[in-house]
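Enquirer: no letters, just coordinates:
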């Protein structure tokens, strides 16, 4: 995990629940006095994502139940690696850095994290799924980042970069592009894939290696 990633060590879940009370019902107390959550529980993992974003980044996230939940540690890793590349290429003091997120998903998690960490960054983020597009726009607006993050509707068979033309009136220059391929289209796809691999059903829909 990236050296600047605060989740190299898992959080103290009981303390996290104090900062984000909706997480409290999912806290499990261990005999040794530590606490955790049930990572087999989809609702618990979604609430954990909301709690981390709320406490550590001040980000509000709303996700539909039929869309996959982004684990924050590895999403943050990706952003930190790009941050390193941008700093080594352009230095830390530049006017505006513009990124492209192809397939931003319902959470728009990469633009939200990146723009929270870097005040000079802006994003053009594409999405082909209508439901995910609508939720992404809502999440951007709920965090008052609509001036810096543009969610753009794309089409499956169209050229990938075509929707980005004239996204910004003054300049079409972008400094980087990123993409987290949608390995699964839905939670049902996850179930089918796992069933084919004959894994235990408790692995369905959740990320057992969240940290």
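Expert: That came through, no problem. Quick caveat, the model's predicted, so the values are computed rather than measured. Numbers count the residues shown, from 1 in each chain.
Enquirer: taking the mean pLDDT, what do you get for the longest helix that the chain contains?
Expert: Longest helix in the chain by number of residues (criterion: DSSP state H): helix 72-90. Over the span of helix 72-90, the pLDDT mean works out to 95.
Enquirer: do stretch 146-155 as well
Expert: 94.
Enquirer: what about that stretch, distance to the chain center?
Expert: The chain centre lies 15 Å from the centre of stretch 146-155; the measure is Cα atoms, centre = their mean, to the nearest Å.
Enquirer: buried residues, that stretch. List them.
Expert: 148, 149, 150, 151, 152, 154 (16 or more other Cβ atoms under 10 Å). In short, each C-beta sits where N, CA and C put it, glycine included.
Enquirer: what about the helices in this structure?
Expert: Going by DSSP H, the chain shows helices at 13-19, 42-57, 72-90, 109-117, 130-142, 187-196.
Enquirer: want to throw the ones you listed into CSV with distance to residue 103 and mean neighbour count?
Expert: Shown next, in CSV, are those (distance: least, Cβ to Cβ, whole Å; neighbours: other Cβ atoms under 10 Å):
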stretch, distance to residue 103, mean neighbour count
helix 13-19, 29, 16
helix 42-57, 18, 20
helix 72-90, 13, 17
helix 109-117, 10, 24
helix 130-142, 9, 18
helix 187-196, 15, 14
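Enquirer: tell me which of those helices sits nearest to residue 174.
Expert: helix 72-90 (11.6 Å; Cβ to Cβ).
Enquirer: so which residue is smack in the middle of the chain?
Expert: For the chain, the residue nearest the mean C-alpha position is residue 109 (2.8 Å; Cα atoms, centre = their mean).
Enquirer: next one: it from residue 156, what distance?
Expert: 22 Å (Cβ to Cβ, to the nearest Å).
Enquirer: contact partners for the closest residue to residue 114 other than its chain neighbours?
Expert: Leaving aside its chain neighbours, residue 114 sits nearest to residue 79 (4.9 Å; criterion: Cβ to Cβ, 6 or more residues apart in numbering). When contacts are counted by Cβ atoms under 8 Å, 6 or more residues apart in numbering, residue 79 touches 110, 113, 114, 117.
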